[in-house]
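> With the input below, show me the fold.
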Amino acid sequence: MIQKLDVNSDEFINELELTKNFTDKVCTQFGFVYNPEQDVNESVQQGLTRNKIIYGKRFCPCFMVIGQTKEEQKAANNRVCPCKPALEVEIPNDGKCRCGIFCTPQYAQENALKNEVEEVTHTHSRTLTKKECEVLLHKNNIDSSELEALLLAREENVVDFNLVDVREWMEWAGARIKGTDYLIPTTSFYNALEQITDKKEQPLVVYCHIGSRSAYCQRILRDLGFKTVSNLEHGIVGFQGKIVSGKE
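A predicted model of the protein is given here:
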């Protein structure tokens with residue numbers, strides 16, 4: 001049977017306020033901060049409130065509550081917030097608890113920056129900062145908007161990286177992303193790689209037609225000691241920025 005609660009009822013509103021006070025105290029006691037994504041915090045607080053009303057305890061809302069009676073629930077070792085696994089394992093190792101509401105200050109700061117980068121790159125509201133560019137260049141895969149934002153930042157001397165096309169010469173001559181620095185065809189990869197063997201410390205972005213060849217080359221480049229290599233997912237097919245062609 002599904003338990004239905006009226007979130008607009010006085011009971012729920014009052015208990016929600018108590019839950020918010022409770023999570024505030026947890027943050028203060030353990031030196032945590034809230035998740036930079038407020039909707040995560042609100043969802044978890046509502047879940048804790050629901051469980052407090054139904055079961056009498058703030059069981060973790062990310063896990064099922066096992067047992068019909070209090071004795072059965074205690075024997076099942078259900079997670080009660082703040083739970084032991086979160087305090088001893090999840091937050092120290094991952095920077096946040098399983099539900100995501102309690103975070104270390106470092107995790108929250110890093111993810112707030114990632115959220116800001118996401119907003120800027122997909123609205124093109126301004127040029128990326130150097131720090132924001134570094135966040136993008138450390139991603140395993142970047143999309144069209146992110147590469148466009150990085151290329152703009154490079155034009156304005158905010159960041160430096162190399163854009164590498166791993167398709168064949170005829171593909172490169174027919175159409176390539178404006179700003180491509182090197183052509184290193186997959187079929188002659190190791191020979192063509194001589195162009196950038198002295199640039200292992202400099203970030204790379206690799207691309208191909210749809211992203212599969214470049215993902216393969218990305219793994220090889222990392223194995224060869226290139227420190228920072230991102231792949232353009234969906235390749236040039238999915239790129240919405242400027243395309244150029246020609247042999248020069």
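> any chance you could map the helices in the chain?
For the chain, the helices defined by DSSP state H cover 10-30, 38-55, 70-75, 84-85, 91-94, 105-123, 130-137, 144-155, 169-174, 189-192, 212-223.
> Show me how the chain divides into domains.
What automatic domain parsing lists as the domains of the chain is 10-103, 127-244.
> Tell me which of the helices of the chain is the most buried.
Sort the helices of the chain by mean neighbour count, taking mean count of other C-beta atoms under 10 Å, and helix 144-155 sits at the top with a mean of 20. For every residue, glycine as well, the C-beta is placed using N, CA and C.
> Centroid-nearest residue for the chain?
The structure's the chain has its C-alpha centroid closest to residue 114; by C-alpha atoms, centre = their mean the separation is 6.8 Å.
> Could you report the separation of the nearest residue to that one once chain neighbours are set aside from residue 118?
Nearest non-adjacent residue to residue 114, counting by C-beta to C-beta, 6 or more residues apart in numbering: residue 135, 6.0 Å away. Using C-beta to C-beta, to the nearest Å, residue 135 is found at 9 Å from residue 118.
> And residue 99, by the same measure?
Counting by C-beta to C-beta, the separation of residue 99 from residue 118 is 22 Å.
> do the same with residue 190
Residue 190 is 36 Å from residue 118, where distance means C-beta to C-beta.
> Residue 101 now?
From residue 101 over to residue 118 the distance is 20 Å, taken as C-beta to C-beta.
> Next: residue 231.
Distance, residue 231 to residue 118, using C-beta to C-beta: 18 Å.
> residue contacts, the nearest residue to residue 152 once chain neighbours are set aside?
Nearest residue to residue 152, sequence neighbours excluded (C-beta to C-beta, 6+ apart): residue 127, at 6.1 Å. Residue 127 sits next to 149, 152-153, 156, 158 when contact means C-beta atoms under 8 Å, 6 or more residues apart in numbering.
> List phi and psi for residue 127.
Residue 127 adopts backbone torsions of phi -80, psi 140, taken as degrees, to the nearest 10.
> One more: residue 203?
Dihedral angles (degrees, to the nearest 10) for residue 203: phi -60, psi 150.
> tell me, how many neighbours does it end up with?
If you count neighbours by other C-beta atoms under 10 Å, residue 203 ends up with 21.
> My guess is it contacts residue 230. True?
Yes. With contact defined as C-beta atoms under 8 Å, residue 203 reaches residue 230; the gap is 7.3 Å.
> Pull up the overlap in contacts between those two.
Listed as contacting both residue 203 and residue 230 by C-beta under 8 Å, 6+ apart are residue 137.
> can you pull the contacts of residue 151?
Neighbouring residues of residue 151 by C-beta under 8 Å, 6+ apart: 163, 178-179, 241.
> The helices of the chain into TSV, with extra columns for distance to residue 245 and mean pLDDT?
Converted to TSV, these look like this (distance: least, C-beta to C-beta, whole Å; pLDDT from 0 to 100):
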stretch	distance to residue 245	mean pLDDT
helix 10-30	56	97
helix 38-55	45	96
helix 70-75	67	90
helix 84-85	56	95
helix 91-94	46	96
helix 105-123	26	90
helix 130-137	27	95
helix 144-155	17	97
helix 169-174	6	96
helix 189-192	20	96
helix 212-223	19	97
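> Could you provide those in TSV, with additional columns for distance to residue 199?
As requested, the helices of the chain are exported to TSV (distance: least, C-beta to C-beta, whole Å):
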stretch	distance to residue 199
helix 10-30	44
helix 38-55	40
helix 70-75	59
helix 84-85	44
helix 91-94	33
helix 105-123	24
helix 130-137	14
helix 144-155	15
helix 169-174	19
helix 189-192	13
helix 212-223	11
